[in-house]
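S.K.: here you go, sequence then predicted model.
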Amino acid sequence: MGRLRGTAYRFADRCEAGRLLAVALARYASRPDAIVLALPRGGVPVGYEIALALRLPLDVFEVRKLGVPGHEELAMGAIASGGLCHVRAEVAAAFRVGPAQMRDVIDRERRELERREQVYRAGRPRADVAGRTIVLVDDGLATGATMEVALAALREQHPSAIVVAVPVAPSETCDALRTLAQDVVCLRQPAPFYGVGAWYRNFRQVGDGDVRSLLHDAASRSAGPAVIRQP
C-alpha cells in the first residue's frame, strides 16, 4: 500500500483508500457504540475496509442527488433515507426548474432510493443509530451537498456523534462540514481539486451486486480484535 506523498498522490482504488482511512480512525476500533454507515454506491467499498479493520458493523445510508434536468451532474438538492428532502432553491431558480419538474425529479430519485434499500439490505432492517457514534463514509466529496443532506437526516435520528470520513475532498468542503459534524477525517485536500475520480488510479463503477456482496460479508463476520494495517 502506498504512502501519501505530495499533491500528486492518487489512491490505487477505494479499498486502499478505506484501509488508509481506517488508520486515521483507529480511535474508534471495537467501540460498542460505533457503526460505519457508507453512502452507496462508491462509499461502500471504502466503508467495508474501515469496518473490517476496526471490527465495527457496516450499513448503508442512502442519499440520492437531485440533478438539474439536462445537467444531471449538477446537484440542486438531495433526498435521504427516512424521507428527508433538501432543495437548493438558488440552483433550481438559476436553471428555471419549475415545481412540476422538481416533483418529477424527486419522485424518480425517491423510487430509486427505495429500490436500492430493498436490494442492498435483502430484508435486513436499517441500523438503529440513536445514541451511537456514526462514522459516515463516502469515496470522496466535491461540493459536499449530498453529505450535508445525509448529516441532516441522521441528526433527526439522534446519534451521539457523527464523524465524516472521506479519502479526498476540497479543503473548503471539509471546513463547511466541520460546522455540521463532530469531526471530519479527510486524507487528501488537493488544490486544484479537479474531481473525486481524478485522485484514484482505479475508479471503476460500483454495482448493486458489489454493494450486496460487501454488506452480506460484513453482516456475516464474527466479532474479533481490530486489525489495523499501517500504510
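M.R.: In hand now; what should we look at?
S.K.: mind showing which ranges of the chain have poor pLDDT?
M.R.: The model of the chain has pLDDT under 70 over residues 1-8, 222-231.
S.K.: so where do the helices sit in it?
M.R.: For the chain, applying DSSP state H gives helices covering 14-24, 43-54, 89-94, 99-121, 145-155, 171-177, 208-220.
S.K.: so which of those is nearest V137?
M.R.: helix 43-54 (4.0 Å; C-beta to C-beta). Placement of C-beta: from N, CA and C, glycine included.
S.K.: using PDB, list the CA coordinates for that closest one.
M.R.: Output in PDB follows, covering the C-alpha atoms of helix 43-54 (Å, rounded to 0.1, in the frame of the first residue of the first chain):
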ATOM      1  CA  GLY A  43     -18.700   4.800  -0.400                       C
ATOM      2  CA  VAL A  44     -19.400   1.100   0.400                       C
ATOM      3  CA  PRO A  45     -16.000  -0.400  -0.600                       C
ATOM      4  CA  VAL A  46     -14.300   2.300   1.500                       C
ATOM      5  CA  GLY A  47     -16.700   1.800   4.400                       C
ATOM      6  CA  TYR A  48     -16.200  -2.000   4.200                       C
ATOM      7  CA  GLU A  49     -12.500  -1.700   4.600                       C
ATOM      8  CA  ILE A  50     -12.900   0.600   7.600                       C
ATOM      9  CA  ALA A  51     -15.500  -1.700   9.200                       C
ATOM     10  CA  LEU A  52     -13.300  -4.700   8.600                       C
ATOM     11  CA  ALA A  53     -10.200  -3.200  10.100                       C
ATOM     12  CA  LEU A  54     -11.900  -1.600  13.100                       C
END
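S.K.: sounds good, over and out.
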